[in-house]
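> the following comprises the amino acid sequence and a computationally predicted model.
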There are 2 protein chains.
Amino acid sequence: MITRMSELFLRTLRDDPADAEVPSHKLLIRAGYIRPIGPGLYSWLPLGLRVFRKIEQIIREEMNAIGGQEILLPALLPRAPYETTNRWTEYGAGLFRLKDRRGNDYLLGPTHEEIFALTVKGEYSSYKDFPLRLYQIQTKYRDEARPRAGILRGREFVMKDSYSFDVDDDGLKAAYDAHREAYQRIFARLGVKYVVVSAVSGAMGGSASEEFLAESEVGEDTYVRCLESGYAANVEAVITQRPESLPVEGLPEPVVHDTENTPTIATLVDWANGANLPQFAGRTVVAADTLKNVLLKVRQPGGEWELLAIGVPGDREVDDKRLGAALDPAEYVMLPAEDFPKYPFLVKGYIGPKALLANGVRFLVDPRVVDGTAWITGADEDGKHVVGLVAGRDFVPDGTIEAAEVRDGDPSPDGAGPLVSARGIEIGHIFQLGRKYADAFTVDVLGENGKPLRLTMGSYGIGVSRMVAVIAEQSHDDIGLRWPSSVSPFDVHVVIANKDDDARTGATELARQLDLLGVEPLLDDRKMSPGVKFKDAELLGVPWLVVVGRGWANGVVELRNRFSGEVEEIAVDGAAATIAGRLAG
Amino acid sequence: MITRMSELFLRTLRDDPADAEVPSHKLLIRAGYIRPIGPGLYSWLPLGLRVFRKIEQIIREEMNAIGGQEILLPALLPRAPYETTNRWTEYGAGLFRLKDRRGNDYLLGPTHEEIFALTVKGEYSSYKDFPLRLYQIQTKYRDEARPRAGILRGREFVMKDSYSFDVDDDGLKAAYDAHREAYQRIFARLGVKYVVVSAVSGAMGGSASEEFLAESEVGEDTYVRCLESGYAANVEAVITQRPESLPVEGLPEPVVHDTENTPTIATLVDWANGANLPQFAGRTVVAADTLKNVLLKVRQPGGEWELLAIGVPGDREVDDKRLGAALDPAEYVMLPAEDFPKYPFLVKGYIGPKALLANGVRFLVDPRVVDGTAWITGADEDGKHVVGLVAGRDFVPDGTIEAAEVRDGDPSPDGAGPLVSARGIEIGHIFQLGRKYADAFTVDVLGENGKPLRLTMGSYGIGVSRMVAVIAEQSHDDIGLRWPSSVSPFDVHVVIANKDDDARTGATELARQLDLLGVEPLLDDRKMSPGVKFKDAELLGVPWLVVVGRGWANGVVELRNRFSGEVEEIAVDGAAATIAGRLAG
């Protein structure tokens, strides 16, 4: 079928929409691919929907290729299963909740682990039924605090979510690997530049997990990688390289000093450098020589608030994302000022390990605080610090925690070189859930030995609607979009740039022939100036442009490549076949 | 691709589910096509989803063929546009409403007239842009009071809804006719038996409207038709054949009688037959000789409650659906008993036209109450009726209303013969909305003369998910489903009913060859008895069954037709091509 611009439901815009910040959002609106309906809610106009459907189909093919079976669950879901797993509560304000006419509670599904687990429980009862890989391509809902960047972070969006069910860990591993490879094929076919990063679990629960991040400056996710080894990880997942422990023998005893007016690490370091400390003879004291102790309140699910202290080298801040991931699933807050008086041993600004440990406060330290390291830290008295407090001798922490910020130049956990940070957009997430959901719903089947066997699950997601924006983000220039062939709304954009009836008829016939050859054409048959048409063609971003223009009289049309800008003259005689050949190859 | 039953996510059930009432519901559950998640909420398992997608694709093709352009709107919608058209309120408890984290009101779209109107307003500004036909295939939500019969009336369901936009009535008429014909092609391709009935508008507003009803005993919609002319209509839309008026000259004057103990029409008729009334000399008095006056309270949108009296022949009840349609968009209730004392002129059980008209109560009558007809009716005094009260002489009603029930044997409005009633399931609805929504949102474009022109709209819906159940309802037998080829989950069901490895390998190879020929096979390669496999095959309802059984050794397989039960032996040599030929026709 030939799509004619004269009939296509499309109005391109000359100006960027006022509220759009990122290039993909601006261009998808200007080129008439999507339209806003409300915060985080968008309509797909014909061009956008075509791209969307092509992405969907590629994902579907690759899921089928690894034995995925497509099903489709409702988006409107009863509360009970999400109550069982506590996600009804855990999701907080991010969950759209509603009541039906009888007053029963429902939610709009943000992800479907619960229902998939129950569905499999409902059908299968023997180990012989496994492995099983199910997926759906379905509309999901999350009430984002800040919907942004158009369809990059919407409140209604489409995901492919799949779930694997296995009777043992090897099965789960195989399903995980199959998905990992399928995702790599999908992103390759979509022409997306991405990295796979180690991830830690959020509200999903579980163990091994990786994210696929599209490389993008406008991404909300920060990750780090080692250019030498290719190691990449979410900052939450970076494991700090732990120095070797040092012998404590012969280290000087700690000395308490008056250090008035040193409320910050910087002022403390200044004091230390002026104090002529024997421990630092011959070198300058730096912030990394100090130990900063941060106080939190932490509460395990269903538990009571408890004090927690975290010791990090003074040159580093506590990274909220890393801290959250390390403490998950517990809640936490920095200890509020008004709580300090409840604990008289906490001397604000001068908190040290000794008072913490003496008073039974749980004390976790950065992995760099190994035995034998000596620190300048609080002496638990107003205006006093202690110098040369040695870990493993003067204090023994309760353990380590990955809470300190990761910085460019930090060593990669694999020892291959320094880490550098970059930004990305999450486009896929693969996850070994293990038995969390099977436990919640007692999803057991009969094993080979006749005894019940608990299933193990994986969950695997790709943002389908988001992908449209991600590709636009990675593939555009100043004048418009540039779609990879695999997802372009049309294969070729035929522009009539010649007013002669003859050229007009010829262009239409050329489009018809292209269509017969399986090359989907968009025909710009509008009665407008060639300039306007070219501008629109550049904005819409179909990778190949055929111009039926002045050359028509001489028996040639132009074939232009939207990426390279290359122009080739093609003889009108046999033009459709020639063009189809160029596109294929 | 070959789908193997040994891997297919499917578990058939031997017994009907406890809560299923209608055949399609029972069979779709038993055959593993769908599964319940909550009241009116269903999951599509692999087989169900395959049927669903085939239906969806047929609808899409026919919508594209009439110039429909596919777009996709959110299901989660802001309140404001539905407030503008008052549907936020009008939908009542049928609308799922929710709040986001900021407390703003949203709804789950039951239908999208508002957003389509706004979308077109946002893009187009000139008469040159029209006609325009847009559609979507999208998930909709209605909080049904009684979700029933599985996916026949769900609370989350998929519809194809299209909307036409034209600058004049002729354009709307053309769009309407195009949809009407497209719908006829769709239902023909789906193999659905249906009637097109005249309909009246519900909450949609507008004028010309027809419904497509699938013929089904389990349908919720009653319609009537004339077998002689083919006329068909919803009961709401039936227009009563109006008798000729009669001359009033020479008719006897009305006489008031004591009629104690005649609280019902039946007792009144008994009294009349015993009273030897001169008006009925020589014939028996029947209920149709009496006039029953029914009192209501009616309120126009935004208005006050007002009294309304309706006079119908005593042999007919007021039909609630017809009354509702006749009064739409007004609300109404039967006048509650406690309201009667407020109107002392209303003598319960003896209400007559005279007191109604004398006291300014609006009085509408059935179209059969034409001038010159004489009635036995209330005399507005306790225990008294009047005989021979003549319409047009003794009382002049304020108009007529189509509120009396329609009965089998009533004359067809086209005069061709009697009406007979039947039940159906609404599968499509086409609707000339006119300017209701364009008025609400001021959807104007510049006309040819440079002046603003208000658009006129049509809306056209088909239930996509419901159609799966409708086809199952029309196409099954006692042992299972029987899908028309166009929507069957597979083209052919190959059953291995022979334990020899040789037969097993041969069956698999046959399935592979069928697949290469474009015939989608389902291969039952399970290690189960042939009996179990045949039972499942009959339940699943693929129209053609290939049995690789005992005949294998003799070089033949069996081809069975699920509809006719016919069995043909097919030579193994060239079997795939032979079978493909039989299936093609």
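Done, it's in. Numbers count the residues shown, from 1 in each chain, chains lettered A, B, ... in the order given.

> geometric centre of chain A: which residue is closest?
With distances taken as CA atoms, centre = their mean, A:E426 lies nearest the centre of chain A, 2.4 Å away.

> isn't it up against A:E215?
No. Counting by CB atoms under 8 Å, A:E426 does not reach A:E215; the two are 11.9 Å apart. Heads up, the C-betas are built off the backbone N, CA and C, glycines and all.

> what's in contact with stretch A:412-423?
A:195, A:215-229, A:231, A:233, A:235, A:238-241, A:406-411 (CB atoms under 8 Å, 6 or more residues apart in numbering or on different chains).

> tell me the secondary structure for A:V196?
The three-state assignment at A:V196 reads strand, by DSSP: H, G, I helix; E, B strand; the rest coil.

> please tell me I have it right and it contacts A:Y231.
No. Counting by CB under 8 Å, A:V196 stays clear of A:Y231, with 10.3 Å between them.

> now do the same contact list for the closest residue to A:L41 other than its chain neighbours.
Closest residue to A:L41 apart from its sequence neighbours, by CB to CB, 6 or more residues apart in numbering or on different chains: B:P74 at 4.5 Å. The contact partners of B:P74, taken as CB under 8 Å, 6+ apart, are A:I37, A:G38, A:L41, A:Y42, A:S43, A:E156, B:G109.

> for stretch A:532-552, which positions count as buried?
A:533-549, A:551-552 (16 or more other CB atoms under 10 Å in any protein chain shown).

> ends of it, what's the gap?
End-to-end distance for stretch A:532-552, by CA to CA, to the nearest Å: 20 Å.

> hmm, that stretch touching chain B?
No. In terms of CB under 8 Å from any CB of the partner chain, no part of stretch A:532-552 sits within range of chain B; the closest distance is 14.2 Å.

> quick check: A:V22 touching A:E220?
No. Using CB under 8 Å, A:V22 makes no contact with A:E220, being 10.6 Å away.

> of those two, who's got more company?
A:V22 (20 against 14; other CB atoms under 10 Å in any protein chain shown).

> residue contacts, the more buried one?
With CB under 8 Å, 6+ apart, A:V22 has these contacts: A:A149, A:G150, A:L152, A:V218, A:E473.

> pLDDT weak spots in the stretch 151-300 of chain A?
Within the stretch 151-300 of chain A, the ranges that satisfy pLDDT under 70 run A:200-207.

> return the backbone torsion pair for the residue in it that chain B sits nearest to.
In the stretch 151-300 of chain A, the residue that lies nearest chain B is A:E156 (4.8 Å; CB to the nearest CB). Per-residue torsions, A:E156: phi -120, psi 130 (degrees, to the nearest 10).

> all helices for the stretch 51-200 of chain A, in order.
Along the stretch 51-200 of chain A, counting by DSSP state H, counting those that start in this stretch, helices occupy A:80-84, A:87-90, A:113-123, A:169-189.

> distance from the chain centre to the first one, please.
Its chain's C-alpha centre and that of helix A:80-84 lie 26 Å apart, by CA atoms, centre = their mean, to the nearest Å.

> elements contacting that helix?
helix A:113-123, helix A:436-441 (3 or more CB pairs under 8 Å, 6 or more residues apart in numbering or on different chains; DSSP states H and E).

> reformat those as TSV; add mean pLDDT.
Below are these laid out as TSV (pLDDT from 0 to 100):
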stretch	mean pLDDT
helix A:113-123	96
helix A:436-441	94
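
> what's the closest of those helices to B:L118?
Closest approach to B:L118 among those (CB to CB): helix A:113-123, 33.6 Å.

> okay, that closest one in CSV with CA atoms only?
The C-alpha coordinates for helix A:113-123 follow below in CSV (Å, rounded to 0.1, in the frame of the first residue of the first chain):
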residue,chain,number,x,y,z
GLU,A,113,5.7,-11.3,38.5
GLU,A,114,2.8,-12.1,40.8
ILE,A,115,0.3,-12.9,38.1
PHE,A,116,2.7,-15.0,36.0
ALA,A,117,3.7,-17.0,39.1
LEU,A,118,0.0,-17.6,39.9
THR,A,119,-0.8,-18.4,36.2
VAL,A,120,1.9,-21.1,36.1
LYS,A,121,0.9,-22.5,39.4
GLY,A,122,-2.7,-22.8,38.1
GLU,A,123,-1.7,-24.8,35.0
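
> can you give me the buried ones in that helix?
Within helix A:113-123, the residues that count as buried by 16+ other CB under 10 Å are A:E113, A:E114, A:I115, A:F116, A:A117, A:L118, A:T119, A:V120, A:K121, A:E123.

> buried ones only from the contacts of stretch A:412-423, please, as a ChimeraX command.
Command for ChimeraX that selects the buried part of those, burial taken from 16+ other CB under 10 Å:
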select /A:195,215,216,218,219,221,222,223,224,225,226,231,233,235,238,240,406,410
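
> circling back: which stretch among the helices and strands packed on helix A:80-84 comes nearest B:G585?
That would be helix A:113-123 among those, by CB to CB, at 36.3 Å.

> in contact with the closest residue to A:G38 other than its chain neighbours, which residues?
Of all residues not flanking A:G38 in the chain, B:P78 sits nearest, at 4.3 Å (CB to CB, 6+ apart). Contact analysis of B:P78 by CB under 8 Å, 6+ apart lists A:I37, A:G38, A:L41, B:N104, B:D105, B:Y106.

> and B:P78, what are its bridge partners?
With DSSP bridges as the criterion, B:P78 is bridged to B:Y106.

> next one: it from B:D502, what distance?
Distance, B:P78 to B:D502, using CB to CB, to the nearest Å: 65 Å.

> again, but for A:R189
40 Å.

> and those two? Which one has more around it.
A:R189 (17 against 11).

> next one: the helix or strand of chain A with the lowest mean pLDDT to chain centre, how far?
When the helices and strands of chain A are scored by mean pLDDT, DSSP states H and E, strand A:232-234 comes last with a mean of 85. Computed by CA atoms, centre = their mean, the chain-centroid distance of strand A:232-234 equals 11 Å.
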